[in-house]
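Colleague: okay, here's the prediction I keep looking at, along with the sequence it came from:
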Amino acid sequence: MKLSVKGNSITWLQVRRYWELLHVLVERNLKVRYRGSFLGVYWSLLNPLIMTGLYTAIFGATFASYYGNSILNYVLAAFTGLVVINFYSASTSQALSSVVGNGSLLNKIRLPISIFPVSMIAANVFQFAVGVLPLLAIITFLNSKSLVNVLALLFPFLALVLVCTGVGFIVSALYVFFRDLPYFYELIAFMIWVSSPVFYPAAIVPPQVKPFLKLNPLSPIIESLRQIILSGTLPDFNLVWSALLSGVIILSLGWICFQLWRHQFMDLL
C-alpha cells in the first residue's frame with residue numbers, strides 16, 4: 001500500500017510540475033509574441049476577416065447557392081474554414097521548431113522535452129479561446145437559438161487541438177534530425193489548405209477526388225463546425241465523432257513517434 005501511495009504521489013508531482021512548466025512557457029510565448037502589440041491576441045481575427053472578405057468578393061456569388069443562396073452564410077462558412085486552417089498552420093509551424101529552438105535550455109536543465117511543442121499548441125489554444133471562439137459562439141447562438149449547439153462547438157475544436165498536437169509532436173521530432181523540414185512542411189501545409197474545404201463547399205469536389213479529401217483530418221472538423229454554426233439544427237454527432245476519431249488517431253501516432261525518437265534528441269541538439 002505504501003508503495004502504491006508513493007507511486008501515486010510521484011505521478012501527481014510530475015503532473016503538477018508539467019502543468020506549472022506549461023503555464024510558464026505559454027505565458028512566455030504570448031508575451032514575446034505580442035510585446036508592444038496594440039490588439040494582442042485579437043490580431044488572430046484580422047487575417048481570417050480580411051481573407052473572408054477577399055473570398056466573398058471573388059467566390060461569394062458563385063458558391064452562395066450551396067449555402068441556401070445566402071451570401072452571409074458563405075461569409076460565415078469561409079470564415080469558419082479560415083480560422084481552422086490558420087490555427088492549424090500557426091500552431092504546427094510554431095511547434096516544429098520548438099524542440100530545436102530550446103536545445104540550449106535542454107542541455108542545461110532537465111525538462112520534459114514534450115513540454116515545448118505542447119506549449120506552442122497551448123498558446124494558440126488560449127489565443128483562439130479568447131479571440132475567435134467567443135465570436136463563433138455568438139454566431140452559433142444567433143443561428144440556432146440553442147445552447148446545445150454553442151457547447152457542441154467545443155468538440156470539433158477539441159478535435160482540432162488533438163490533430164495539431166499530434167502533428168506538432170511529429171514535426172518537432174523530425175526537425176531535430178532534418179533541418180530542411182520547414183521548407184518541406186510549407187508545401188505540406190499548402191496541400192492541406194488546398195485540400196480543405198475552406199473557401200469552397202465540399203459538395204463541388206468530384207466523386208473521384210472525394211476519397212483523397214477524406215484523408216485530410218481538417219475536413220471533418222471544418223464540416224462539423226459549419227454544420228453546428230450554420231444549420232440551425234442540432235449537431236450532427238456523426239461528423240463530430242469522425243472529427244474526434246481522426247484527432248485521437250493523429251495524437252496517438254504523434255505521441256508514439258515522439259517517444260520513440262526523443263532518446264536520440266540530446267545527441268543532436
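Modeller: Looks like it arrived, so ask away.

Colleague: from now on I want contacts and neighbour counts done on CA atoms only, so please keep to that.
Modeller: OK.

Colleague: any weak-confidence spans in this protein?
Modeller: The chain contains residues with pLDDT under 70 at 1-10, 36-41.

Colleague: longest helix in it, please.
Modeller: helix 2-33 (DSSP state H).

Colleague: I'd say Ala159 and Ser242 touch.
Modeller: No - taking CA atoms under 8 Å as the definition, Ala159 is not a contact partner of Ser242, at 9.2 Å.

Colleague: quick one, which of the two is more surrounded?
Modeller: Using other CA atoms under 10 Å, the more surrounded residue of Ala159 and Ser242 is Ala159, with 26 against 17.

Colleague: for that one, give its distance to Tyr175.
Modeller: 24 Å (CA to CA, to the nearest Å).

Colleague: so Leu181 sits against Leu174, correct?
Modeller: Yes - the pair Leu181 / Leu174 is scored as a contact, 7.5 Å apart, by CA under 8 Å.

Colleague: which one of these two is surrounded by more residues?
Modeller: Leu174 (21 against 16).

Colleague: what sits against that one?
Modeller: Counting by CA atoms under 8 Å, 6 or more residues apart in numbering, Leu174 makes contact with Leu181.

Colleague: check which residues of the strand or helix carrying it are buried.
Modeller: Under the criterion of DSSP states H and E, Leu174 resides in helix 154-177. By 16 or more other CA atoms under 10 Å, the buried positions in helix 154-177 come out as 155-176.

Colleague: measure the closest residue to Leu251 other than its chain neighbours to Trp261 for me?
Modeller: With CA to CA, 6 or more residues apart in numbering as the criterion, Leu251 has its nearest non-adjacent residue at 3.7 Å, and that residue is Gly166. Between Gly166 and Trp261 the distance is 14 Å, computed by CA to CA.

Colleague: before we move on, what about Leu160?
Modeller: As judged by CA to CA, Leu160 and Trp261 stand 24 Å apart.

Colleague: give me the number of residues near Val125?
Modeller: Other residues within reach of Val125, judged by other CA under 10 Å, total 20.

Colleague: so what's the residue count around Thr80?
Modeller: Using other CA under 10 Å as the criterion, Thr80 is surrounded by 22 other residues.

Colleague: also Leu82?
Modeller: Leu82 has 23 nearby residues by other CA under 10 Å.

Colleague: check Glu20 too.
Modeller: So Glu20, with other CA under 10 Å, has 11 neighbours.

Colleague: quick one: Thr92 and Val167 touch, right?
Modeller: Yes - using CA under 8 Å, Thr92 is in contact with Val167, at 6.5 Å.

Colleague: so Asn216: helix, strand or coil?
Modeller: Secondary structure, DSSP: H, G, I helix; E, B strand; the rest coil: Asn216 is coil.

Colleague: doesn't Ser195 make contact with it?
Modeller: Yes - here Asn216 reaches Ser195: they are 7.0 Å apart, a contact under CA under 8 Å.

Colleague: higher neighbour count, these two?
Modeller: Per other CA under 10 Å, whichever of Asn216 and Ser195 has more neighbours is Ser195, with 20 against 16.
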